[in-house]
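[1] 3D model of this:
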Amino acid sequence: RRMQLDPNLVKQIMASPNRWAMARRQVNGFYGKVLDRLEQRAGATHSPLTDTERQRIQDRRIATLRDLESIMPQGVFDALITIKINAFGSLVDAAKNGRIGWDQINPSATPSQNSVIGAIRTVMYEMPRWLWAAHPLFLLIWGILFIGVWSLLGGAISRMCVMESANDERIGIAEAVGFAYRRWFAYALAPLIPLAIVGLFMLLLAGIGLLFHVAVLNIVGALLMVVAIPVGFLMAFFLIGWVGAVHLMYPAISAEGTDAFDSLSRGYSYVLTRPWRFITYSAMALAYGVVTYLFVGLFVFLALYLVQTSLATWATPVGQVFPKPVLGHLRYEWTGEGLGWSAKITAALIRVMVMLAVGLVAAYAISYYLAAYSAIYLLLRGKADGTDPSEIFQEPVEPAPVPGDISPDSVTAAKSPAAPDAPEKAPDAIEADNE
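    Numbers count the residues shown, from 1 in each chain. A predicted model of the protein is given here:
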């Protein structure tokens, strides 16, 4: 509609298996013709087309391509990343405006990302449920890879945060990664134990539900509700506790050097015995995190904006390969349609470097999350157990090996002074002894 295309051409495009590539070519061709007509008109009137007018046409072309990209079907991984990014942006915006969204706790409520609870629900409930229903194999593979990488890197960052929060001690990346590597299984297993228990209980109840298919046995199934309802209470307990305890499991392993079951016990204990403290600390951390996250995003946006504006001061083609950054939407999609091979390579290289800069915002969000809950864990531990925050598990330092093949006995003998030789007896004393 924006380009007023012939309806027959639109039908031809929609019927083609390469409809999206054809649509992009139509967009580029349309705005190319618009620019040519303006150039011809400017030449006829002897008033050259200004760079500002060219850039305006280029901006319209980019906007149309972005609109086209927004309705194109995505792969599973791309859709997953888009859902996470949109949900996180909604979480920040909702926290900034105080939209809690208590109605989103109800599973039957229409999902909405426009609140804090709604954004969390999207990532922790709606997204896994969609993957399980539509792409179970992808969910399995992605879940294994995510848990493997997050257990190592998240554990290392958590260890660094715990050490700095407790003793203002900064440890190296290699030491932190080594710590997480030796406890990788604990980091990977701890968040999954409650979910596995709930899954086993659900399988048990599903087996009981099969009894309702058979006459007479359905009466047995009804009697077994005496078991089913307490099991439901246990499942609710594990799930509600998991929502809070899962954030404390990594800090527990990093601070105590413990296993998955002990970190699970500590997480549930601190959340359930100090629920209001946990909620208060989490709300304060969220509010402070939103402010700092927005500042970091503004900082990166300003840096990219200044770079793009400076580069485009005397070089209009910069706008074709490096679109002007938009505050709040630093991540952009750019296919390089309508550009030559050199310009496409240029645009791709610039996009990689821009995405690395934008990645700093995501890296800050992850590190802040782990740092905040490391501090919250130490505070809750102090209130619940009376443990001083500075008491952190320290791995034993192995003594330096003794150089060479020297046994401990020989080292002791070498360090001990030699006994003096006994004095020789005089000849008269020897004869007296003989007598």
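[2] now Arg159: which helix or strand?
    For Arg159, the host element (DSSP states H and E) is helix 136-167.
[3] need the residues that contact the next helix or strand after that helix.
    Next along the chain after helix 136-167, taking DSSP H and E as the criterion, comes helix 173-182. For helix 173-182, the surrounding residues in contact (C-beta atoms under 8 Å, 6 or more residues apart in numbering) are 151-160, 187, 254, 395. (Glycine included, C-beta is placed from N, CA and C.)
[4] and if we set it to 10 Å?
    Here helix 173-182 makes contact (C-beta atoms under 10 Å, 6 or more residues apart in numbering) with 151-163, 170-172, 186-187, 250, 253-254, 257, 393, 395.
[5] run the chain-centre distance for the helix or strand harbouring Asp67.
    Take DSSP H and E as the rule and Asp67 turns out to sit in helix 51-71. Taking C-alpha atoms, centre = their mean, to the nearest Å, the mean C-alpha location of helix 51-71 is offset from the chain mean by 32 Å.
[6] dump it to CSV, restricted to CA.
    Only the C-alpha atoms of helix 51-71 are listed here, as CSV (Å, rounded to 0.1, in the frame of the first residue of the first chain):
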residue,chain,number,x,y,z
ASP,A,51,22.3,15.3,0.7
THR,A,52,19.5,15.8,3.2
GLU,A,53,16.9,14.9,0.6
ARG,A,54,18.8,11.8,-0.5
GLN,A,55,19.1,10.8,3.2
ARG,A,56,15.4,11.2,3.6
ILE,A,57,14.6,8.8,0.8
GLN,A,58,17.2,6.4,2.2
ASP,A,59,15.6,6.6,5.6
ARG,A,60,12.2,5.8,4.1
ARG,A,61,13.6,2.8,2.3
ILE,A,62,15.2,1.5,5.5
ALA,A,63,12.0,2.0,7.4
THR,A,64,10.0,0.1,4.8
LEU,A,65,12.5,-2.7,4.8
ARG,A,66,12.3,-2.9,8.6
ASP,A,67,8.5,-3.0,8.4
LEU,A,68,8.9,-5.9,6.0
GLU,A,69,11.4,-7.7,8.3
SER,A,70,9.0,-7.4,11.2
ILE,A,71,6.3,-9.5,9.4
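[7] show me what the helix or strand just after it is packed against.
    The helix or strand immediately downstream of helix 51-71 is helix 76-97, counting by DSSP H and E. On a contact count with 3 or more C-beta pairs under 10 Å, 6 or more residues apart in numbering; DSSP states H and E, helix 76-97 meets helix 116-121, helix 127-134, helix 136-167, helix 275-311, helix 341-385.
[8] circling back to that earlier point, for the helix holding Arg159, packing partners?
    Under the contact definition 3+ C-beta pairs under 10 Å, 6+ apart, helix 136-167 sits against helix 76-97, helix 127-134, helix 173-182, helix 184-189, helix 225-256, helix 341-385.
[9] the most centrally placed residue in the chain and Leu239, how far apart?
    Nearest to the geometric centre of the chain sits Ile366, at 5.8 Å (C-alpha atoms, centre = their mean). Separation of Ile366 from Leu239 (C-beta to C-beta, to the nearest Å): 24 Å.
[10] likewise Asp51?
    Distance, Asp51 to Leu239, by C-beta to C-beta: 59 Å.
[11] likewise Leu306?
    Distance from Leu306 to Leu239, by C-beta to C-beta: 48 Å.
[12] what do you get for Ile100?
    To Leu239, Ile100 is 20 Å away according to C-beta to C-beta.
[13] now do Ile208
    Applying C-beta to C-beta to Ile208 and Leu239 gives a distance of 20 Å.
[14] same check, this time on Ala312
    53 Å.
[15] likewise Leu200?
    The spacing between Leu200 and Leu239, counted by C-beta to C-beta, is 13 Å.
[16] rewinding a little: so what does the helix holding Asp67 touch, helix or strand wise?
    The elements that helix 51-71 packs onto, with contact taken as 3+ C-beta pairs under 10 Å, 6+ apart, are helix 19-44, helix 318-321.
[17] so which of those is nearest Gln12?
    Shortest distance between Gln12 and the helices and strands packed on helix 51-71, using C-beta to C-beta, is found for helix 19-44: 8.2 Å.
[18] on that earlier part again, among the helices and strands packed on helix 76-97, show me which one is buried the most.
    Compared across those, helix 116-121 shows the largest average neighbour count, a mean of 22 (mean count of other C-beta atoms under 10 Å).
[19] output the contacting helices and strands for it.
    Contact analysis of helix 116-121 by 3+ C-beta pairs under 10 Å, 6+ apart lists helix 76-97, helix 275-311 as its packing neighbours.
[20] circling back: setting aside sequence neighbours, what's the nearest residue to the residue nearest to the centre of the chain?
    Excluding its sequence neighbours, the residue lying closest to Ile366 (C-beta to C-beta, 6 or more residues apart in numbering) is Ile157, at 7.3 Å.
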